[in-house]
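Visitor: Quick one, structure for this:
(2 chains)
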Amino acid sequence: MSEQVTRRNFIKGGLLATGVTAATAAALSPLRAMEDFPTFEQFFQQHYKKLSAEDLDKIMRRIEQDVQNRHGVKAYVSDPKPLDGVEFAYALNLGRCIGCRKCVYACMKENNLSRDPELQYIRVLKMKKGSIDIESSEHDFTEGTKPEGDYYFMPVQCHQCRNAPCVKVCPVGATWQEKDGVVVVDYDWCIGCRYCEAACPYFARRFNWKTPQVPEEEINPNMGYLSNRPRKKGVVEKCHFCLQRTRNGRIPACAEVCPTGSRKFGNLLDPESEISFILKSKRVYILKEDLGTMPRFYYYFDK
Amino acid sequence: MSSRAREKLILENRLTLRGAVMGAGIFLALGVFLAAGGHGRGVKKKVKPLDPAYYDPTPMRKVKKALLFEGAACADCHEDVNPKDPIDLSEDPVGKGEFHEKVILEHGKNHRNNRCFNCHNRFKPGFFADDAGKPIPYNEVQLLCSKCHGLLFQDWEGGAHGRRNGFWDKSRGKQTALVCIACHDPHKPQFQGPALAPGPKRLHPEAAEPEGHP
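Guide: Numbers count the residues shown, from 1 in each chain, chains lettered A, B, ... in the order given. Predicted coordinates for the structure are as follows:
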């Protein structure tokens, strides 16, 4: 009878079992590289806007615990809400910027941006004088911190558009505009499709190709839920006007560090603010105004 | 039950058992394979910290508490100066010896602003002089500069020129404005910036743009 375990059958069965195991293992092998298996709660976490205050608080405590376990850093995660009667805006003096890139690094430090692979929200462009032509600009320039000669500098970051293309293209609603004008990302809801990155005309969005790496001693423990809390691999992030600072009344890190004072931040709705003064009294330039994105980021000139 | 049916049942049971053992074996092997995988690989990798100079917010110049020359207050040497007995203009401070010759005055187009007492007070050492010669205290140096740079002064007051630190919302904290001399050396006012920080790293540094790529 063939049901008898013969030598031939035994070997056949053994080979089949090994083959099935190997094939399944090969198919599942990407899981081996996965760094964070989500817990049940993480996997079924709701969208930011649907979270109750208690849920959000629980999640923020969990993130603090994660940071503690992973990096041994005691972090404080909060979620400052938009302020009433406040609309944030930014102005940058093109005539004064010397392209020293201090803003870039202050931003990296403040917002726990990945050092390896390197991720930066601000890109300083070295522009040819006489026009605003981004096509001919340089962004890996290695000399010249003085706007003399045939060039000037134009740092570009998220423009927090009123009519933001990145928000419109997001298929899952993981990015939206807050009441104070800042476009934010729910890092737990983002699926990493990178549509927003493609839609942004200002090259403001960055994708985490790998798990962000920040040295433990440089982690900024003051974290905002929608701003500089730890991000993971496969999600998009962007400049958020340092919400963890600005919603508590302080100015963003990039404006705090600028040695020339070219960077100005404030409340657009306050007629006494620096921003209002600049918009009233200076020549103002809006990058790619023709696209109708209506940014809250203005460039201005002295003369 | 016929003997044939019983044999069939035994055989079926044996086959099921064999399948179950095989399945369990496969899952065990997969479990071992996945568990041996590199979960959390790379998390412990040491990354280089940033150079603190790249994000140091210290202003380019240090503003002293009072007007000093090499650490000494003006009145330490110019002690008997008073409105009736001002600093003697006939004497050349540079020719006088090892004192003010170290001051290089390169202020204005073609260094046009070349008189000490355009800014310094001849009658009251340690103070600046306004248009009428009245003293301006050291901590209000912006009033001195506004004598010539009125438009810039307006910008500075409005917030368009110079750096401000602290809080944009003044109801929640203090906002400080850097004064003119926190960035500009009054004797040589052209702004001296910090060193250039390195540019962005490429994700794949080894991959060069192909030749002839537009």
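
Visitor: drop to CA atoms for contacts and neighbour counts, all remaining ones
Guide: OK.

Visitor: What ranges does chain B have for its helices?
Guide: Per DSSP state H, chain B carries helices over the ranges B:3-35, B:74-77, B:141-145, B:150-158.

Visitor: could you dump those helices to CSV with mean neighbour count, mean pLDDT and distance to chain A?
Guide: Shown next, in CSV, are the helices of chain B (neighbours: other CA atoms under 10 Å in any protein chain shown; pLDDT from 0 to 100; distance: least, CA to the nearest CA, whole Å):
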stretch, mean neighbour count, mean pLDDT, distance to chain A
helix B:3-35, 13, 75, 5
helix B:74-77, 13, 86, 30
helix B:141-145, 19, 95, 16
helix B:150-158, 16, 94, 6
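
Visitor: can you give me the offset of the worst-scoring helix or strand of chain B on mean pLDDT from its chain's centre?
Guide: Lowest by mean pLDDT, DSSP states H and E among the helices and strands of chain B is helix B:3-35, with a mean of 75. Offset of helix B:3-35 from its chain centre (CA atoms, centre = their mean, to the nearest Å): 69 Å.

Visitor: Please apply the same query to stretch A:110-129.
Guide: Taking CA atoms, centre = their mean, one finds stretch A:110-129 lying 11 Å from the centre of the chain it belongs to.

Visitor: low-scoring pLDDT stretches of chain B, where are they?
Guide: Applying pLDDT under 70 to chain B flags the ranges B:1, B:31, B:33-45, B:91-98, B:203-214.

Visitor: for the least confident helix or strand of chain B, packing partners?
Guide: Under the contact definition 3 or more CA pairs under 8 Å, 6 or more residues apart in numbering or on different chains; DSSP states H and E, helix B:3-35 sits against helix A:7-33.

Visitor: Tell me the buried residues in the helix it packs on?
Guide: Under the neighbour-count criterion of 16 or more other CA atoms under 10 Å in any protein chain shown, helix A:7-33 has A:Gly13, A:Ala17, A:Thr21, A:Ala22, A:Ala25, A:Leu31, A:Arg32 buried.

Visitor: now swap in stretch A:159-166 and tell me
Guide: Neighbour counts over stretch A:159-166 (16+ other CA under 10 Å) mark A:His159, A:Gln160, A:Cys161, A:Ala164, A:Pro165, A:Cys166 as buried.

Visitor: Pretty sure the third one sits against A:Thr293.
Guide: Yes. The criterion here is CA atoms under 8 Å, and A:Cys161 meets it with A:Thr293 at 5.5 Å.

Visitor: re the thing from before, just the buried residues of helix A:7-33 that are near chain B?
Guide: Restricting the buried residues of helix A:7-33 to those near chain B by CA under 8 Å from any CA of the partner chain leaves A:Ala17, A:Thr21, A:Ala25, A:Leu31, A:Arg32.

Visitor: which non-adjacent residue is nearest B:Leu144?
Guide: With sequence-adjacent residues excluded and distances taken as CA to CA, 6 or more residues apart in numbering or on different chains, B:Leu144 is closest to B:Asp130, at 6.1 Å.

Visitor: Spit out the contact partners of the one you found.
Guide: When contacts are counted by CA atoms under 8 Å, 6 or more residues apart in numbering or on different chains, B:Asp130 touches B:Cys119, B:Ile136, B:Leu143, B:Leu144, B:Lys147.

Visitor: B:Val47 and chain A: what is the separation?
Guide: Going from B:Val47 to chain A by CA to the nearest CA, to the nearest Å gives 6 Å.

Visitor: residue contacts, that residue?
Guide: Counting by CA under 8 Å, 6+ apart, B:Val47 has contacts A:Arg115, A:Asp116, A:Gln213, A:Val214, A:Pro215.

Visitor: got CSV for these, with neighbour count too?
Guide: Below are the contacts of B:Val47 laid out as CSV (neighbours: other CA atoms under 10 Å in any protein chain shown):
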residue, neighbour count
A:Arg115, 19
A:Asp116, 18
A:Gln213, 25
A:Val214, 27
A:Pro215, 18
